[in-house]
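Here is my input; please provide its structure:
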Amino acid sequence: MLVSLAEYAKKHNKSSDTIRRYAEKGHMHSARKIGRNWVVELEEPYPVAKRPKAAPITLISLFSGCGGMDMGFRGGFDFLGRHYAKNGIDIIWANEIDKDACITYRQNLGDIVEGDIYEVIGQLPKYADIVIGGFPCQDISINGKMAGISGKRSSLYSAIVETVEKVQPKIFVVENVGGLMLRKHDESRRKILADFSALGYKIHYQVYHAEDYGVPQTRERVFIVGTCEDMPAYIPPQETTLFKPLTAREAMEDLEDYPRDKAFSHIWSEAKASKDQGNRKLIADRPGYTIRAECHGNIQFHYSLARRISMREAARLQSFPDSFVFPAGLRATERQIGNAVPPVLAWHVAQSVLAVLQNR
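Below you'll find the model as predicted:
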């Protein structure tokens, strides 16, 4: 039954002017003019205004590895019974030089540009809201050469500096090992901070202990965060498991009777104990020890089984969800897991980044 806009408005407890605007904008399917007056079907549902979708926050990722940091920033995964929600971040460009890591990244996260960053840097998008990157740490790590940023690999941080200068993001996040804070690396640290500060960003840096953020592993990492001068200050995320960290047993116990399964990456090294390295055994009731990239099969022994931990167990200690696929062989997977930023730690850092971008 056709009725006047006033009658329709009265039924829905709205003003006639509001209904008229909807009719004039075409939001009411049955509304039409008869002479100079609008009419509408009385039973037409009241139009619900669609909220415009918020534009996604865009991100460029450098030295992406297999995608641990990227997964954390993107969100939308489950780990040990907790859901880590999507963050509304769109990874528009990622880069990694390692072929196997790129294969893993593509299977889990999507497109990635494979190649030396300096050979592909010209392909960078013109803009992104966020730039992230964990530059190679082998020259800074305690387990590495300790050459600092004069080393061939850790000097690659300059590619992140160049990217930030080109893209001018609102915020950037750079990750490296805790060894960057050692006195031996004072000069390297000052140089890195000075180079980023020179781009006009407010710089915040500190050491994060992964076990304090729901990662079942003791792992120290430095995050350097730069924000535009006109944006709120970056405030680090609050610890979530500061006084009760997740243990190795909590992370791995359900896999103790699980058979070898290559598709699930539940495979392990058969390397025997060595007097030089590879003798460390997990303790069930504490977090796992730091997962290394270059342990050459000498990864830690299981806390109760007569074998070394599997790649899936190592991935659990790094907070990768079981849905994350590692298609490479054992050694390549070992390197990818050991090089990665724990996704859960990255997710918490991302919450603080979002707070800056959303002025919360």
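
can we go C-alpha only for contacts and neighbour counts from here?
Will do.

This protein: strands as residue ranges?
2-4, 32-34, 37-41, 57-62, 77-79, 82-84, 89-96, 113-114, 130-134, 171-177, 201-209, 220-228 (DSSP state E).

Run through the neighbouring helices and strands of the first one.
So that's strand 2-4. strand 37-41 (3 or more C-alpha pairs under 8 Å, 6 or more residues apart in numbering; DSSP states H and E).

re the thing from before, mind checking which of the strands of the chain is nearest residue 194?
Closest to residue 194 of the strands of the chain is strand 201-209 (C-alpha to C-alpha; 9.4 Å).

Now that closest one: buried residues?
For strand 201-209, burial by neighbour count (16 or more other C-alpha atoms under 10 Å) applies to 201-205, 207-209.

any residues touching that strand, and which ones?
Contacts of strand 201-209 with the rest of the structure, by C-alpha atoms under 8 Å, 6 or more residues apart in numbering, involve 178, 193, 196-197, 218-229, 233-234.

Hey, what's the angle from that strand to strand 171-177? Just curious.
For strand 201-209 against strand 171-177, the angle by axes from the mean of the first three to the mean of the last three C-alpha atoms, to 10 degrees is 40 degrees.

could I have strand 201-209 exported to PDB, CA atoms only?
Output in PDB follows, covering the C-alpha atoms of strand 201-209 (Å, rounded to 0.1, in the frame of the first residue of the first chain):
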ATOM      1  CA  TYR A 201      61.100  10.600  13.100                       C
ATOM      2  CA  LYS A 202      60.700  10.400  16.800                       C
ATOM      3  CA  ILE A 203      62.600   7.200  17.800                       C
ATOM      4  CA  HIS A 204      61.700   4.800  20.600                       C
ATOM      5  CA  TYR A 205      63.800   1.600  21.200                       C
ATOM      6  CA  GLN A 206      63.900  -1.000  23.800                       C
ATOM      7  CA  VAL A 207      64.500  -4.700  24.500                       C
ATOM      8  CA  TYR A 208      61.500  -7.000  24.500                       C
ATOM      9  CA  HIS A 209      61.500 -10.400  26.200                       C
END
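
Would you list the strands that it pairs with, along with their directions?
Using DSSP bridges, strand 201-209 pairs in its sheet with strand 220-228 (antiparallel).

ok now the partner strand, how far from the chain's centre?
Centroid separation for strand 220-228 versus its chain: 14 Å, with C-alpha atoms, centre = their mean, to the nearest Å.

same question, stretch 322-338
Centroid separation between stretch 322-338 and its chain, computed with C-alpha atoms, centre = their mean, is 17 Å.

Let's see that stretch as PDB, backbone CA atoms only.
C-alpha atoms of stretch 322-338 as PDB (Å, rounded to 0.1, in the frame of the first residue of the first chain):
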ATOM      1  CA  ASP A 322      49.800 -25.000  13.600                       C
ATOM      2  CA  SER A 323      48.100 -23.800  10.500                       C
ATOM      3  CA  PHE A 324      51.400 -22.300   9.300                       C
ATOM      4  CA  VAL A 325      53.000 -24.500   6.700                       C
ATOM      5  CA  PHE A 326      56.700 -25.100   6.200                       C
ATOM      6  CA  PRO A 327      57.100 -26.800   2.800                       C
ATOM      7  CA  ALA A 328      61.000 -26.900   2.800                       C
ATOM      8  CA  GLY A 329      63.300 -29.600   4.100                       C
ATOM      9  CA  LEU A 330      64.500 -29.800   7.700                       C
ATOM     10  CA  ARG A 331      67.600 -27.600   7.500                       C
ATOM     11  CA  ALA A 332      65.800 -24.800   5.500                       C
ATOM     12  CA  THR A 333      62.800 -24.900   7.900                       C
ATOM     13  CA  GLU A 334      65.200 -24.800  10.900                       C
ATOM     14  CA  ARG A 335      66.700 -21.600   9.500                       C
ATOM     15  CA  GLN A 336      63.300 -20.000   8.700                       C
ATOM     16  CA  ILE A 337      61.900 -20.700  12.200                       C
ATOM     17  CA  GLY A 338      65.100 -19.500  13.900                       C
END
